[in-house]
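Trainee: test case, fold it:
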Amino acid sequence: MPFIITRINVGDYDAWKQSFDNDVPRAREAATGYRLFRSLQEPGEVFVQVEFASAGDAVTGAERLRSSGVLARFSDTSGPTVVEEVETVRR
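Mentor: Here you go, the predicted structure:
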């Protein structure tokens, strides 16, 4: 299963979340779901995991996100990186 993973230091989470929900780049248009994580030490540090049905959809989503320029607003980002799940362990 392919995903896009992105880490962003957004500063104000609530302001960023409104923008994220609008999905102006349409990066999540073909997504099957997503998860948001926040750092406990730095609440402005956000990790975004977006799930796709195909690798092609994930690559397209990542390209839309990159080319949109929305990440350029943040000085501290990593990704978007397209990855695939290779193992899940739950206890």
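
Trainee: CA atoms for contacts and neighbours, from now on please.
Mentor: Will do.

Trainee: now the top helix by length along the chain: average pLDDT?
Mentor: Of all the segments of type helix in the chain, defined by DSSP state H, the longest one is helix 55-68. The average pLDDT for helix 55-68 rounds to 97.

Trainee: any idea how far that helix is from the chain center?
Mentor: 11 Å (CA atoms, centre = their mean, to the nearest Å).

Trainee: what does it rub up against?
Mentor: Helix 55-68 is contacted by residues 1-4, 25-31, 51-52, 71, 80-82 when judged by CA atoms under 8 Å, 6 or more residues apart in numbering.

Trainee: geometric centre of the chain: which residue is closest?
Mentor: In the chain, the centroid-proximal residue (CA atoms, centre = their mean) is V48; its distance is 3.6 Å.

Trainee: wait, is it part of a helix?
Mentor: No. Assigned with DSSP: H, G, I helix; E, B strand; the rest coil, V48 falls outside any helix and is strand.

Trainee: begin at 829 from now on, thanks
Mentor: OK, 829 is where the count begins now, so the last one is V876.

Trainee: tell me the buried residues in stretch 860-868?
Mentor: The neighbour-count check on stretch 860-868 (16 or more other CA atoms under 10 Å) flags R866 as buried.

Trainee: oh, that last question was meant for stretch 893-900, not what I typed.
Mentor: Here stretch 893-900 shows L893, R894, L899 as buried, counting by 16+ other CA under 10 Å.

Trainee: over to stretch 880-895?
Mentor: Quick answer for stretch 880-895 (16+ other CA under 10 Å): F880, A883, D885, A886, V887, T888, G889, A890, E891, R892, L893, R894.

Trainee: swap in stretch 837-854?
Mentor: For stretch 837-854, by 16+ other CA under 10 Å, it's N837, V838, Y841, P853.

Trainee: tell me the one among the buried residues of stretch 880-895 nearest to R918.
Mentor: Among the buried residues of stretch 880-895, F880 lies closest to R918 (CA to CA), at 21.2 Å.
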